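>>> Sequence and predicted structure are below.
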Amino acid sequence: MIIKEIRMRRMEMRMKHPFTTSFGTMQDKPFLLIEAIDEEGNSGWGESVAFSYPWYAEETVETNAHVIRDILVPLLLGKEINHPDEVNEIFSPIRRNNMAKSAVEGAIWDLYAKRNKLTLAEALGGDKEKIDVGISIGIQDSKEQMVETVRGFIEQGYKRIKMKIKPGADIEIIRAVRESFPDVPLMADANSAYTLKDLELLKMLDDFDLMMVEQPLAHDDIIDHAKLQEELETPVCLDESIHSLEDARKAVELGSCRIINVKIGRVGGLTEAKKIHDYCVKKGIDLWCGGMLEAGIGRAHNVALTTLPGFTLPGDTAGSDRYWEEDIITPAVEAVDGEITVPSGYGIGYEPDLEKMDKYTVGEEVFRPEMKEAAR
Ligand code: OSB
Ligand code: MG
């Protein structure tokens, strides 16, 4: 297929509820959408998961807009692409900027799947008809409120409860939730809020039969996490530390984690996510698909990735209604009793709802090969 046109929309949506992590609180969600169009008029969609502030990773909406417009798009426009894996190759000389790469590569994957009359899940080699999903709950004002929030999501059927923690809002909250729900699959995510100085506190996590503790230590660390995993019975799961197959290999070889949270944007796209998947299946490392509070396009990509067999644990891909009054795809992603039915339509399998999309679009840039020529 020949990439004839790429469009970049700037979106501004607002989540139903604020979401609080060890870093701070988010509710407004500016993000970018990418549409790639081939010579037959097929179109594929990708979503950038970069936030407006670089607290989770170094990328932002603005850095993504720059890198996509000025660096990535010119590498693809007018090119013949036979398989989306080639995009991973084409982008490989460019260091990092994984969320920018992933937004563009995701659009090409969707386009490729649609053109070849495959679901994105099939194109990736996934085979599940339904995927298990959990919920990620932000830091709450009190342990009582956390217990009530958890109760609500258990009633909705989510298969695993993840609580955000930070120093000062950790052990007592986990204890209260565990005492209220002795059997629920439970885990905690610290978003890098601790250091090895907190070892004694982190060891107390072993009392609560947690499925895992996610990214307790620094965002760029795999050494201290290995030391921590030695001391903990609770499995360590890495999120922020893993940007590539190479990062995953090094973390696994060092014993820095027993579980990996794969986020398509953080690792630079679906091709890299699949490589990590294949490696972890070989090594017996459990995987799950993380989330970045995505709107419908990004959420649909997460659903497709989770159909791969190595995604053995429930992910963070909750239903659209957990985040949005209305999503920008039809139908919205729906979680019923903690399961999402994988859509059967070609590509991402959900229709981009252009009317709703327009409502939240604050700007659009269009790129065509002749514009590239003209700029020379
Ligand atoms: O660490 O997994 C994380 C949200 C924003 C940034 C980082 C994280 C999260 C979540 C929520 O945990 C995931 C979601 O519901 O999309
Ligand atoms: Mg996390």
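Structure received. Ligands and ions are numbered 1, 2, ... in the order given.

>>> what about the helices in the stretch 201-350 of the chain?
Applying DSSP state H, counting those that start in this stretch to the stretch 201-350 of the chain gives helices spanning 223-231, 245-254, 270-283, 296-306.

>>> Also the stretch 51-200 of the chain?
Under DSSP H, counting those that start in this stretch, the stretch 51-200 of the chain gives helices at 61-67, 73-76, 85-91, 98-115, 120-124, 143-156, 171-180, 199-203.

>>> who's in contact with the second one?
Spelled out, that is helix 73-76. Contacts with helix 73-76, where a contact means Cβ atoms under 8 Å, 6 or more residues apart in numbering, come from 3, 6, 8, 36, 87, 90-91, 104, 108, 367, 372. Bear in mind the C-beta positions are built from the backbone N, C-alpha and C, glycine included.

>>> returning to what we had before: in TSV, list the helices of the stretch 201-350 of the chain along with mean neighbour count and mean pLDDT.
As requested, the helices of the stretch 201-350 of the chain are arranged in TSV below (neighbours: other Cβ atoms under 10 Å; pLDDT from 0 to 100):
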stretch	mean neighbour count	mean pLDDT
helix 223-231	17	98
helix 245-254	18	98
helix 270-283	20	98
helix 296-306	28	98
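
>>> so can I have CSV of the ones you listed showing distance to ligand 2?
Formatted as CSV, the helices of the stretch 201-350 of the chain follow (distance: least, Cβ to the ion, whole Å):
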stretch, distance to ligand 2
helix 223-231, 13
helix 245-254, 15
helix 270-283, 16
helix 296-306, 14
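
>>> Quick one: the ones you listed as JSON lines, columns for distance to Cys289 too.
Listed next are those as JSON lines, based on distance: least, Cβ to Cβ, whole Å:
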{"stretch": "helix 223-231", "distance to Cys289": "20"}
{"stretch": "helix 245-254", "distance to Cys289": "14"}
{"stretch": "helix 270-283", "distance to Cys289": "8"}
{"stretch": "helix 296-306", "distance to Cys289": "5"}
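
>>> Indicate which one of these is closest to ligand 1.
Each of the helices of the stretch 201-350 of the chain has some distance to ligand 1 by Cβ to the nearest ligand atom; the shortest is helix 296-306, at 8.2 Å.

>>> list the helices and strands the closest one packs on?
strand 43-47, helix 98-115, helix 120-124, helix 270-283, strand 286-289, strand 329-330 (3 or more Cβ pairs under 8 Å, 6 or more residues apart in numbering; DSSP states H and E).

>>> how about the helices of the stretch 51-200 of the chain, which one is nearest ligand 2?
Closest to ligand 2 of the helices of the stretch 51-200 of the chain, according to Cβ to the ion: helix 98-115, at 14.8 Å.

>>> Buried subset of the contacts of helix 73-76 as a ChimeraX selection?
Applying 16 or more other Cβ atoms under 10 Å to the contacts of helix 73-76, the buried members can be selected in ChimeraX as follows:
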select :3,6,8,36,87,90,91,104,108,367
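
>>> Dump the contacts of helix 73-76 into TSV; add pLDDT as well.
Listed next are the contacts of helix 73-76 as TSV, based on pLDDT from 0 to 100:
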residue	pLDDT
Ile3	98
Ile6	98
Met8	98
Ala36	98
Val87	98
Ile90	98
Phe91	98
Val104	98
Ile108	98
Phe367	98
Lys372	64
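
>>> want to try JSON lines for the contacts of helix 73-76, with distance to Val303 as columns?
Converted to JSON lines, these look like this (distance: Cβ to Cβ, whole Å):
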{"residue": "Ile3", "distance to Val303": "25"}
{"residue": "Ile6", "distance to Val303": "24"}
{"residue": "Met8", "distance to Val303": "23"}
{"residue": "Ala36", "distance to Val303": "20"}
{"residue": "Val87", "distance to Val303": "21"}
{"residue": "Ile90", "distance to Val303": "26"}
{"residue": "Phe91", "distance to Val303": "24"}
{"residue": "Val104", "distance to Val303": "20"}
{"residue": "Ile108", "distance to Val303": "18"}
{"residue": "Phe367", "distance to Val303": "28"}
{"residue": "Lys372", "distance to Val303": "34"}
